[in-house]
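# The amino acid sequence is not available; the structure is as follows:
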DNA sequence: AATGCTTTTTATCTTAAGATAATTTTTGCC
DNA sequence: GGCAAAAATTATCTTAAGATAAAAAGCATT
């Protein structure tokens, strides 16, 4: 049932049967309804998340407008900044779909790291990978025009367009929903 | 002489005298002239860098245009993606000023990590911190207008404006130099 | 002081994004 | 099938950025 977590981890470090059992024991799995809020602005994140099924969105609320910064889907881990830094969150996390999510509290995660120390190496590798990914996407974002960013997202994450409303994709691309709509029209007439 | 490196490290892990001596031994320090290139597109990075004195810029060359993605100054470490991933670099690193830089090759760094294993913890902490920083700047970048980004940079890194040509700052802000110049004029007349 | 090079600004024109409001389309639901 | 809410599009007007070219200002060096 939580094989996704095991295969996620074993991309970084090998696990024995025993260790797999320990991880299964520790698993806390929850279901959330669409629009359920996993973390609010101002709140201290007590947990990090691993998405087994569904889709989660992170966003800032600025002058009453939601600015989406990320979409997380199956087999992605979410470690809120607030979880790491022990400070109030500046952004929200909420479910775009009914979702099944594994939770790790600080205590539970620390226990796991005590019992299976090599998980520290996994975390280190993962962070290093995420840092590189983030840097690459940021660099791309800066050097591409909104239209190029849209076209690029169409290629790299086509799945999103089937499960996420366009107005969230718009703010994720750093533009307004109205502008995205206009752009899509422009692009489609270009192609023809 | 390389106390900066020691105090950089001890922000993350304590060091004994012995360990400090080991680090000093391993240090390879070089001087570079303004415009010296530390890493070229297409090249495999053999080293990572720690800036003791001076300023380094990272940039992509796109359609003959340089797009600056970062400025590194005193006491900042640079670990090229190419160094970590062992693949050709997509960007350049070059000196904006005459600079004094400590170099760490893969071999030398691995030796250090063998001799002082707790440095792994430092690297892990540093990466986690850098990931958070990168995420925050990316989120800001997306939600701010070019003008707001300019004003924010003026506050967060005023030093840059004294040592870096505006046309590099412009591409760093994701706009053209002409546009930055126009914007500065607009902003200055607003204030009056 | 004169020259050449780098950096910044100005000007003009074009294009696309922001703001706002209204309308249309789609979707879910009783 | 009809209704309400959510999502997407359209229209209009304003504002700022991109492209390009040219001029001006700042520097360094001889």
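Sure thing, it's come through. Keep in mind it's a predicted model, so treat the numbers as computed, not measured.
# for the residue most central in space within chain A, what are its contacts?
Among the residues of chain A, the one closest to the centroid is residue A:72, at 3.1 Å (C-alpha atoms, centre = their mean). Residues counted as contacts of residue A:72 (C-beta atoms under 8 Å, 6 or more residues apart in numbering or on different chains) are A:49, A:51, A:55-58, A:78. C-beta coordinates here come from the backbone N, C-alpha and C atoms, glycine included.
# what does residue A:88 give?
A:41-44, A:82.
# could you measure it against residue A:69, distance?
Remark: distance between residue A:88 and residue A:69 (C-beta to C-beta, to the nearest Å) = 17 Å.
# repeat for residue A:6
From residue A:6 to residue A:69 the distance is 29 Å (C-beta to C-beta).
# before we move on, which element is residue A:7 in?
helix A:3-9 (DSSP states H and E).
# Sorry, slip of the keys, the one I care about is residue A:181.
Counting by DSSP H and E, residue A:181 is part of helix A:177-191.
# Assign residue A:61 to helix, strand or coil.
strand (DSSP: H, G, I helix; E, B strand; the rest coil).
# Read off the pLDDT value for the residue lying closest to it once chain neighbours are set aside.
What sits nearest to residue A:61 in space, not counting adjacent residues and going by C-beta to C-beta, 6 or more residues apart in numbering or on different chains, is residue A:41, at 6.1 Å. With respect to pLDDT, residue A:41 scores 95.
# List the contacts of residue A:41.
Applying C-beta under 8 Å, 6+ apart to residue A:41 gives the contacts A:60-61, A:88-92.
# Go again with 7 Å.
Each residue near residue A:41 by C-beta atoms under 7 Å, 6 or more residues apart in numbering or on different chains is listed here: A:61, A:89-92.
# what residues are up against residue A:108?
residue A:26.
# Residue A:6 and residue A:69: which is more packed in?
residue A:69 (20 against 13; other C-beta atoms under 10 Å in any protein chain shown).
# Pull the number of nearby residues for whichever residue of chain A sits closest to DNA strand C.
Minimum separation of chain A from DNA strand C (C-beta to the nearest atom of the strand) falls at residue A:179, amounting to 3.3 Å. Residue A:179 is surrounded by 13 other residues when neighbours are defined as other C-beta under 10 Å.
# who in chain A is up against DNA strand C?
A:145-147, A:174-176, A:178-179, A:182-183, A:186 (C-beta under 7 Å from any atom of the strand).
# Please, a PyMOL command that selects the buried ones among those residues?
To isolate the buried members of those in PyMOL, using 16 or more other C-beta atoms under 10 Å in any protein chain shown:
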select buried, chain A and resi 147+174+175+183
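# What separation do you get for residue A:28 and residue A:151?
Per C-beta to C-beta, residue A:28 is found 40 Å from residue A:151.
# brain fart, residue A:61
For residue A:61, the distance to residue A:151 - C-beta to C-beta - is 28 Å.
# report the longest helix in chain A, please.
As assigned by DSSP state H, the longest helix anywhere in chain A is helix A:118-143.
# Which segments of chain A make up each domain?
Following automatic domain parsing, one finds the domains of chain A at A:3-143, A:144-192.
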